[in-house]
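S.K.: Mind folding the following:
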Amino acid sequence: MARRIVVIGNNCQVAVLAGCLGFLAPDAEIASVEPATFSQFDSSPRRLLDAVRSADLTVCFPFDAGPFGDVTPARILETARFVVPVPTIVFPAFHPDIVYIGHKAGLFGSPMGDYHSALIVYGFARGYSVDEIVSLFRAEVFSRVGYLDGWFASRDALLAMSHAHGCNLDRLFAGWMRRDCFMHTINHPKLFVLADLARDALRRAEIPARTAACEDYLPDPLSGCVWPVYPEIAARLGVIGSSTFKPPLGGLNFLVDAGRCIDLRAMVEGSLAIYAHTPKIAGHCDRVQSWLAAPEIRDTLIPAAG
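M.R.: Coordinates of the predicted model:
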């Protein structure tokens, strides 16, 4: 009888980790449960808990009560035959310039989908030109706004959240850092990260796994949008830097992906074109508002001379 594995959570990492489990344990039956796929259990909390109870392995991300009725991580822990808690990987240190900007019940968009550059939004609010905004992307500015000093805070926050969820991530995290930047954006880890979590879950459940590496055989579903590690930040963190952005146009087409990547100037131009239709967008961004309100920061966040 095939082993049964249930992966449950409320984020974009759930399906990817489930796919890694399906590759590593090809004889297992995998159920990937997110709010959008809860219907496979007739959107019934009782049926979901029955599946968890009968599964050989349940992999559980942290999530708040609500998306699965009264099912919570605590109830899963009480119900599951064998449960492995895994963290939601959020790590801003590589991409500290990313912000979300909300309005009403949604999010403002940019050339990078829901992600915005705080520096570009700030430059727009100050009325700077494209050239002037591009010149903000320099070490002096990054240092003044804390972009060069986020490593330890990001590491400590991720590990603390993992421990609170019942997962010791220390060993895996050390391995990820040896592989250069391990994030596409602040909340989209590279495939090998989720593959490591999947392999570790199988090991803990004593389920045999292929030795083949997921990233050698599978496309990376979360690579549809890639934010660069700015060179000055990369130099501080000891990773490879760039100023090339990959906008999230969907799909995994190699030629299309190669042609749609843009440089920093195009990112600035595209953002300003969008913001022209929402001229008060900076008022919805707390970070930019804090910069505008602090003279000591405003005096630094100015275009480079010449």
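S.K.: Report the contact partners of residue 169.
M.R.: Applying CB atoms under 8 Å, 6 or more residues apart in numbering to residue 169 gives the contacts 87, 158, 159, 162, 163. No exception for glycine: its C-beta is placed from N, CA and C like everyone else's.
S.K.: Max pairwise distance over those: which two?
M.R.: 158 and 163 (9.8 Å; CB to CB).
S.K.: Comparing the two, which residue is more hemmed in?
M.R.: residue 158 (19 against 13; other CB atoms under 10 Å).
S.K.: Next step: the contacts of residue 169 restricted to helices.
M.R.: 158, 159, 162, 163 (DSSP state H).
S.K.: Throw those into TSV and include distance to residue 269 and pLDDT, thanks.
M.R.: Compiled in TSV, the ones in helices among the contacts of residue 169 are given as follows (distance: CB to CB, whole Å; pLDDT from 0 to 100):
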residue	distance to residue 269	pLDDT
158	34	97
159	39	96
162	39	95
163	43	94
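S.K.: Nearest to residue 82 among those?
M.R.: Nearest to residue 82, judged by CB to CB, of the ones in helices among the contacts of residue 169 is residue 162 at 18.9 Å.
S.K.: from memory that closest one sits against residue 90, does it?
M.R.: No. With contacts defined as CB atoms under 8 Å, residue 162 does not count as touching residue 90, sitting 10.6 Å away.
S.K.: higher neighbour count, the two?
M.R.: Between residue 162 and residue 90, counting by other CB under 10 Å, residue 162 is the more crowded of the two (21 against 17).
S.K.: distance of the more buried one from residue 94?
M.R.: For residue 162, the distance to residue 94 equals 18 Å [CB to CB, to the nearest Å].
S.K.: Heading C-terminal from the helix or strand bottoming out on mean pLDDT in the chain, find the next helix or strand.
M.R.: Within the chain, no helix or strand scores below helix 254-260, which has a mean of 81 by mean pLDDT, DSSP states H and E. Downstream of helix 254-260, the next assigned helix or strand under DSSP states H and E is strand 262-263.
S.K.: Residues contacting that following strand, please?
M.R.: In contact with strand 262-263 (CB under 8 Å, 6+ apart) are residues 111, 243, 244, 245, 246, 247, 270.
S.K.: Out of those, which sit inside strands?
M.R.: Using DSSP state E, the members of the contacts of strand 262-263 that fall in strands are 244, 245.
S.K.: Mark which of the contacts of strand 262-263 are buried, thanks.
M.R.: The neighbour count (16 or more other CB atoms under 10 Å) marks 111, 245, 246, 247, 270 as buried among the contacts of strand 262-263.
S.K.: Turn the contacts of residue 169 into JSON lines, columns for distance to residue 39.
M.R.: Formatted as JSON lines, those follow (distance: CB to CB, whole Å):
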{"residue": "87", "distance to residue 39": "26"}
{"residue": "158", "distance to residue 39": "32"}
{"residue": "159", "distance to residue 39": "35"}
{"residue": "162", "distance to residue 39": "30"}
{"residue": "163", "distance to residue 39": "33"}
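S.K.: From these, pick the one nearest residue 61.
M.R.: residue 87 (7.4 Å).
S.K.: Report how many residues lie close to that closest one.
M.R.: Neighbours of residue 87 (other CB under 10 Å): 22.
S.K.: and it, what pLDDT?
M.R.: Residue 87 is assigned 96 on the pLDDT scale.
S.K.: Got phi/psi on it?
M.R.: Main-chain dihedrals, residue 87, degrees, to the nearest 10: phi -80, psi 160.
S.K.: now residue 214
M.R.: According to degrees, to the nearest 10, residue 214 has phi -50, psi -40.
S.K.: Now stretch 149-164 - C-alpha only, PDB.
M.R.: Taking Å, rounded to 0.1, in the frame of the first residue of the first chain, the C-alpha atoms of stretch 149-164 are listed here in PDB:
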ATOM      1  CA  ASP A 149      22.700  45.700   8.000                       C
ATOM      2  CA  GLY A 150      19.700  43.400   7.700                       C
ATOM      3  CA  TRP A 151      21.500  40.000   7.800                       C
ATOM      4  CA  PHE A 152      21.400  39.200  11.500                       C
ATOM      5  CA  ALA A 153      17.800  40.500  12.000                       C
ATOM      6  CA  SER A 154      16.600  38.400   9.100                       C
ATOM      7  CA  ARG A 155      18.400  35.300  10.200                       C
ATOM      8  CA  ASP A 156      17.300  35.600  13.800                       C
ATOM      9  CA  ALA A 157      13.700  36.200  12.800                       C
ATOM     10  CA  LEU A 158      13.600  33.200  10.500                       C
ATOM     11  CA  LEU A 159      15.200  30.900  13.100                       C
ATOM     12  CA  ALA A 160      13.100  32.200  15.900                       C
ATOM     13  CA  MET A 161       9.900  31.700  13.900                       C
ATOM     14  CA  SER A 162      11.000  28.200  13.000                       C
ATOM     15  CA  HIS A 163      11.700  27.200  16.500                       C
ATOM     16  CA  ALA A 164       8.400  28.600  17.700                       C
END
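S.K.: Sweet, I'm off.
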